[in-house]
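Undergrad: pasted the sequence and its predicted model underneath.
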Amino acid sequence: MDDTLALSLEEVRTLAHRVLARLGLSERQIGPVAETIVAGERDECGAHGIYRLLSCAQTIRAGKVALDAEPAVHDMAPALVRVDGGGGYAQLAFETGRPILAEKARRCGIAALGLNNCVHFAALWPEVEAMAAQGFAAFAFTPSHAWVAPAGGTRPLFGTNPIAFGWPRPGKPPFVFDFATSAVARGEIELHRRAGKPIPLGWGLDPEGNPTTDAAAAMAGSMLTFGGHKGSALSAMVELIAGPLIGDMTSAESLAADDGAKVSPLGGELIIAIDPNGFLGAAAAEHLARAEQIFDGITGQGARLPSLRRYEARARSLANGVRVSKKLHDDILAQLD
Ligand code: NDP
Ligand code: PYC
């Protein structure tokens, strides 16, 4: 039995706007939040598509989002800008800071944008893909809630702490990767829990610290980092550079601020943009062309580039729309009641 239904991307967009408006979010906030949700569904990122309308509903109903927040820009230095999201979603704060980051990176060769005081529910690839599409090498980092044990430990300390990177490819869509420093994003475990499916060993520990295949037990216990001590150190780095370095919360502080509401993390995000022209000047095109050999070396042996799956999914969705779980669609429509 087919338990999915077909939606055009315009229908996904309309659904996102209706639900977010029903929840009382301001039009200014809705625009970029809805576009991120449409992009996630379009690129078949199940854990960060329309499913996230449910976490938006929970987070807003818990009173944890400033519904009509207006980002405030603080120009810190020639190559540094901070945008205070005012307790609203990170998407409007990023859209506010993006042109300033680009202008500073063009002028200085490198620049950083710190987003503060923002609610985070999304993937980070939209940020680095947007910057790479403008010609920059870009990095993005954000902590989340303390759900993940450090390698060798059994108690949650780190967030799922994603790292995203984008690289400009002349005449081609950017090279992008974006992954949690936990074995998987928490959203993926939650989707397994909703579907009643077991999770692979290596994703989480139960509350007693034992390896588990039970999604609910891993969510109640602790998630694990990817790559053992390596993922654990990268996760610590994300805590530091997208937390204290920009004057914002660690994942433990974000979870404490959540105060049992079990809603989206609140805190910072760091985005760094590097203009290849800064180091290379007139030779930039030659070196970017040389970089293509790396991508050819990956695909030439049958391996795939990160971002290729998304770009293929994007082409399919733009042509045919998407299929979403009927149960998920019903749960989202229930938010309009
Ligand atoms: P994955 O483990 O699925 O890793 C995703 C990345 O790896 C993508 O760039 C993906 O490319 C690439 N990739 C996957 N398989 C391959 C392969 N076989 N060959 C080459 N590249 C591959 O995702 P995660 O569960 O770690 O994270 C999913 C999302 O969750 C991320 O977008 C992240 O930003 C988000 N997240 C957000 C958080 C937040 O606080 N805001 C917290 C944690 C996660 P492709 O997309 O093309 O498949
Ligand atoms: O899936 O881990 C996650 C996540 C946290 C915040 C947004 N996504």
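TA: Right, received. Where do you want to start? Numbers count the residues shown, from 1 in each chain. Ligands and ions are numbered 1, 2, ... in the order given.
Undergrad: strands of the stretch 101-250 of the chain, start to end?
TA: Under the criterion DSSP state E, counting those that start in this stretch, strands of the stretch 101-250 of the chain are mapped to 110-119, 137-141, 163-169, 172-179, 204-205, 222-223.
Undergrad: average pLDDT across stretch 196-203?
TA: Per-residue pLDDT over stretch 196-203 has a mean of 97.
Undergrad: contacts only, for the residue of the chain most remote from its centre.
TA: Distance to the chain centre peaks in the chain at residue 282, reaching 33.9 Å (criterion: CA atoms, centre = their mean). For residue 282, the contact set (CB atoms under 8 Å, 6 or more residues apart in numbering) is empty. C-betas here are computed from N, CA, C, even on glycine.
Undergrad: can I get stretch 29-45 in CSV, CA atoms only?
TA: Listed next in CSV are the C-alpha coordinates belonging to stretch 29-45 (Å, rounded to 0.1, in the frame of the first residue of the first chain):
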residue,chain,number,x,y,z
GLN,A,29,10.3,35.4,9.6
ILE,A,30,8.0,33.1,7.6
GLY,A,31,9.6,33.8,4.2
PRO,A,32,13.1,32.5,4.8
VAL,A,33,11.9,29.7,7.2
ALA,A,34,9.5,28.4,4.6
GLU,A,35,12.1,28.5,1.9
THR,A,36,14.5,26.5,4.0
ILE,A,37,11.7,23.9,4.6
VAL,A,38,10.9,23.8,0.9
ALA,A,39,14.6,23.4,0.0
GLY,A,40,15.0,20.5,2.5
GLU,A,41,11.9,18.7,1.1
ARG,A,42,13.0,19.5,-2.5
ASP,A,43,16.5,18.0,-2.0
GLU,A,44,15.0,14.9,-0.2
CYS,A,45,16.5,15.7,3.1
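Undergrad: just the residues contacting it, thanks.
TA: 9, 12-13, 16-17, 20-21, 25, 48-50, 52-53, 56, 67-69, 88-89, 91-92, 94-95, 122-123, 126, 309-311, 313-314, 316-318, 322, 324.
Undergrad: longest helix of the protein?
TA: Ranked by number of residues, the top helix in the chain under DSSP state H is helix 90-108.
Undergrad: which helices and strands does that one pack with?
TA: Applying 3 or more CB pairs under 8 Å, 6 or more residues apart in numbering; DSSP states H and E, we find helix 90-108 packed against helix 27-42, strand 72-77, strand 80-84, strand 110-119, helix 125-133, strand 266-274, helix 276-280.
Undergrad: wait, which of these is closest to residue 335?
TA: helix 27-42 (12.9 Å; CB to CB).
Undergrad: list the beta-bridge partners for residue 270.
TA: residue 114, residue 141 (DSSP bridges).
Undergrad: separation between residue 195 and ligand 2?
TA: 16 Å (CB to the nearest ligand atom, to the nearest Å).
Undergrad: quick one: residues contacting the residue nearest the centre of the chain.
TA: For the chain, residue 123 is the residue whose C-alpha lies nearest the centre (CA atoms, centre = their mean; 1.9 Å). When contacts are counted by CB under 8 Å, 6+ apart, residue 123 touches 36, 40, 45, 48, 162, 164, 178.
Undergrad: quick one, what contacts the closest residue to it other than its chain neighbours?
TA: Distance criterion CB to CB, 6 or more residues apart in numbering; nearest residue to residue 123, sequence neighbours excluded, is residue 48 at 4.3 Å. By CB under 8 Å, 6+ apart, the residues touching residue 48 are 36-37, 40, 121-123, 185, 187.
Undergrad: same deal with residue 122?
TA: Residue 122 neighbours (CB under 8 Å, 6+ apart): 36-37, 40, 48, 52, 90-91.
Undergrad: change it to 10 Å
TA: Listed by CB atoms under 10 Å, 6 or more residues apart in numbering, the contact set of residue 122 reads 32-33, 36-37, 39-40, 45, 48-49, 52, 55, 89-91, 94, 142, 162, 187, 264.
Undergrad: go on, residue 329?
TA: With CB under 10 Å, 6+ apart, residue 329 has these contacts: 4-5, 7, 15, 50.
Undergrad: how about the residues of the protein by ligand 1?
TA: Taking CB under 6 Å from any ligand atom, the part of the chain that reaches ligand 1 is made up of 47-48, 120, 122-125, 142, 144, 160, 162, 164, 177-180, 184-185, 188, 265, 304, 306-310.
Undergrad: phi, psi for residue 121 please.
TA: Taking degrees, to the nearest 10, you get phi -130, psi 0 for the backbone angles of residue 121.
Undergrad: one more: residue 325?
TA: phi -60, psi 130.
Undergrad: may I see the strands of the stretch 101-250 of the chain arranged in TSV, with mean neighbour count and distance to residue 229 as well?
TA: Formatted as TSV, the strands of the stretch 101-250 of the chain follow (neighbours: other CB atoms under 10 Å; distance: least, CB to CB, whole Å):
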stretch	mean neighbour count	distance to residue 229
strand 110-119	25	27
strand 137-141	25	19
strand 163-169	21	16
strand 172-179	19	17
strand 204-205	25	16
strand 222-223	24	16
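Undergrad: between those, which one is nearest to ligand 2?
TA: strand 222-223 (8.3 Å; CB to the nearest ligand atom).
Undergrad: does the closest one come close to ligand 2?
TA: No: under the criterion of CB under 6 Å from any ligand atom, strand 222-223 makes no contact with ligand 2; the nearest approach is 8.3 Å.
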